[in-house]
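Visitor: Here is the input, now give the coordinates:
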Amino acid sequence: MEPITTPDGFVPSDWYVVFHTRSSRRWLSWLAMGRFKHVSAFAYVPGFKAWLIYDVQWSGTQLALLPHPAGLSALMGYTAGCEIIKMTRRRGGARGLGFFCTTSIAHLLGLRCVALVRPDALYRCILRHGGEIIGDKHEAKEHSAGGDSEAVIPI
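Guide: The predicted structure is shown next:
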């Protein structure tokens with residue numbers, strides 16, 4: 001299958017990977033065994049002037065499209081207390097066993113890493129493949145996204 005490409009910015013290439021330190025279920029916290037308990041991602045989609053959240057959970061996959069700039073407050077709440085890494089999506093190459101939060105994000109980014117159910121392992125894999133830590137979870141910064149000068153995200 002050919003990759004989807006558009007000249008007007010509907011397919012995000014840069015993703016912000018969110019490493020959550022808490023889980024919705026105690027047994028999932030135990031299963032994750034590490035600092036991070038869950039992982040999700042979001043990206044700015046210039047063609048829609050909106051933020052897209054991609055979050056695979058046991059209860060199902062959640063997709064949310066938040067208009068910019070109104071959706072920034074929801075995005076700030078969603079990422080509160082989390083570590084965030086910015087990564088440019090790679091073409092192909094992803095392989096994964098199962099459909100967990102970690103394997104879905106590795107697949108989204110086109111990474112070949114074994115992260116099965118360990119967000120900490122995925123965190124290290126993303127950093128090894130050029131991911132950039134965005135700020136500190138305790139500070140607020142603005143970063144431009146998707147090359148659109150109107151799009152900023154306070155982290």
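
Visitor: Specify the local secondary structure of the closest residue to Ala64 other than its chain neighbours.
Guide: Nearest-residue entry for Ala64: Ile53, 4.2 Å, with adjacent residues in sequence omitted and distances by Cβ to Cβ, 6 or more residues apart in numbering. To be clear about C-beta, it is placed using only N, CA and C from the backbone, and glycine gets the same treatment. Secondary structure, DSSP: H, G, I helix; E, B strand; the rest coil: Ile53 is strand.

Visitor: My guess is Ile53 contacts Leu66. True?
Guide: Yes. Using Cβ atoms under 8 Å, Ile53 is in contact with Leu66, at 7.0 Å.

Visitor: so what sits against both of the two?
Guide: Leu75 (Cβ atoms under 8 Å, 6 or more residues apart in numbering).

Visitor: Just give me the neighbour total for Gly130.
Guide: 11 (other Cβ atoms under 10 Å).

Visitor: my bad, Val45
Guide: Residues near Val45, counting by other Cβ under 10 Å: 20.

Visitor: picking up where we left off before, if I look at the residue nearest to Ala64, how far off is Gln62?
Guide: Computed as Cβ to Cβ, to the nearest Å, the Ile53 to Gln62 distance reads 7 Å.

Visitor: more neighbours, the two?
Guide: Ile53 (20 against 11).

Visitor: now that one: how far from Gly60?
Guide: 14 Å.

Visitor: Any stretches of the protein with poor pLDDT?
Guide: In the predicted model, the chain carries pLDDT under 70 at residues 1-9, 23-32, 93-97, 114-117, 136-155.

Visitor: can you give me the helices for it?
Guide: Under the criterion DSSP state H, helices of the chain are mapped to 26-32, 72-79, 101-109, 119-128.

Visitor: Quick one: these as TSV, columns for mean neighbour count too.
Guide: Shown next, in TSV, are those (neighbours: other Cβ atoms under 10 Å):
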stretch	mean neighbour count
helix 26-32	13
helix 72-79	15
helix 101-109	23
helix 119-128	20
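
Visitor: Mind checking those helices for the one nearest to Ala41?
Guide: Ala41 sits nearest to helix 101-109 of all these, at 5.6 Å, using Cβ to Cβ.

Visitor: Tell me the bridge partners for the closest residue to Tyr54 other than its chain neighbours.
Guide: Leaving aside its sequence neighbours, Tyr54 sits nearest to Ala41 (Cβ to Cβ, 6+ apart; 4.9 Å). As for beta bridges, Ala41 partners with Val17, Tyr54 under DSSP bridges.
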